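Undergrad: The sequence and its predicted three-dimensional model are supplied below.
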Amino acid sequence: MTNRHVAIDGPVASGKTVAARALASSLGHLYLDTGAMYRAAAYLALHYGVDLDNERAILALIEHHRIRLEPDEATSAGYRVEIDGSDTGTKLFDPEVSSAVSTVAALPGVRTAMVSEQRAIASEGPVVMAGRDIGTVVLPDARFKFYLTASVEERADRRAKEFAERGLDVGIEEVREQIEERDRLDRNRAVAPLRPADDALLIDSTALQAADVIARMRAIIDAAP
Ligand code: DC
């Protein structure tokens, strides 16, 4: 039987996680935001003062600390990330972690560890997985693949609003520069760079509401045999 996995990839603030969470809940699939796993690795590196390109030390941190994602509808993200049993709250979305994460996510050994964990989770049952390499590397056989894009202006605007909601005062220009830098690193890394899978459906969400994006994806899933 073919799987029912849904892979959603795209650059920073393209609307992946909102769409993935809503789809997972309406389909009854597990929702997995793989970016959170890379953020947890970056957080550990920063917390223990390890250089962001020290692959060996970061792998040791991942091995020695238990990173777990627990579905939790009471949180704004829809899940909690626990490290060694402690809730990380909003720490993984702090600007320092966001600036560090693309460097950590470019380390091949870190990717190997994360991908194997992500595949193990998908082997348990249908998932909606959001990330950068889900359709290309993690679940190349996913039944449904979407690649979301949006203009950098729109994405910067969305991210600046999220920061403001969290009481963080980050100027729009700074947000835009951070987004462009992360996109550049994610697209140009040697291993599993950000790109659409050949068989992914591209959706440009620049002029769309999240609900329209979700409805478009849902229509495709529902129409499939
Ligand atoms: O989706 P996000 O912004 O939370 O992702 C954080 C970083 O993790 C992003 O800059 C790139 C990396 N990432 C990745 O390399 N592969 C994934 N599947 C998910 C995220």
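TA: Alright, I've got the coordinates.
Undergrad: Next, the buried residues of the helix or strand Asp157 falls within.
TA: In this assignment (DSSP states H and E), Asp157 forms part of helix 152-165. Neighbour-count burial for helix 152-165 flags 152, 154-160, 163 (criterion: 16 or more other CB atoms under 10 Å). Where you see a C-beta, it was placed from the backbone N, CA and C, and this is true even at glycine.
Undergrad: would JSON lines of the residues you listed with pLDDT and distance to Pro126 be doable?
TA: Formatted as JSON lines, these follow (pLDDT from 0 to 100; distance: CB to CB, whole Å):
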{"residue": "Val152", "pLDDT": "96", "distance to Pro126": "33"}
{"residue": "Glu154", "pLDDT": "96", "distance to Pro126": "30"}
{"residue": "Arg155", "pLDDT": "97", "distance to Pro126": "29"}
{"residue": "Ala156", "pLDDT": "96", "distance to Pro126": "33"}
{"residue": "Asp157", "pLDDT": "95", "distance to Pro126": "33"}
{"residue": "Arg158", "pLDDT": "92", "distance to Pro126": "28"}
{"residue": "Arg159", "pLDDT": "90", "distance to Pro126": "30"}
{"residue": "Ala160", "pLDDT": "91", "distance to Pro126": "34"}
{"residue": "Phe163", "pLDDT": "84", "distance to Pro126": "33"}
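Undergrad: out of the residues you listed, who's nearest the ligand?
TA: Arg159 (9.4 Å; CB to the nearest ligand atom).
Undergrad: Could you check the pLDDT of the residue nearest to Gly35 when sequence neighbours are not counted?
TA: Once flanking residues are discounted, Gly35 sits nearest to Gly131: 6.1 Å by CB to CB, 6 or more residues apart in numbering. If you check Gly131, the pLDDT there is 97.
Undergrad: on that earlier part again, packing partners for the helix holding Asp157?
TA: Helices and strands touching helix 152-165, by 3 or more CB pairs under 8 Å, 6 or more residues apart in numbering; DSSP states H and E, are helix 172-188.
Undergrad: Also compute the angle for the helix it packs on relative to helix 152-165, please.
TA: For helix 172-188 against helix 152-165, the angle by axes from the mean of the first three to the mean of the last three CA atoms, to 10 degrees is 120 degrees.
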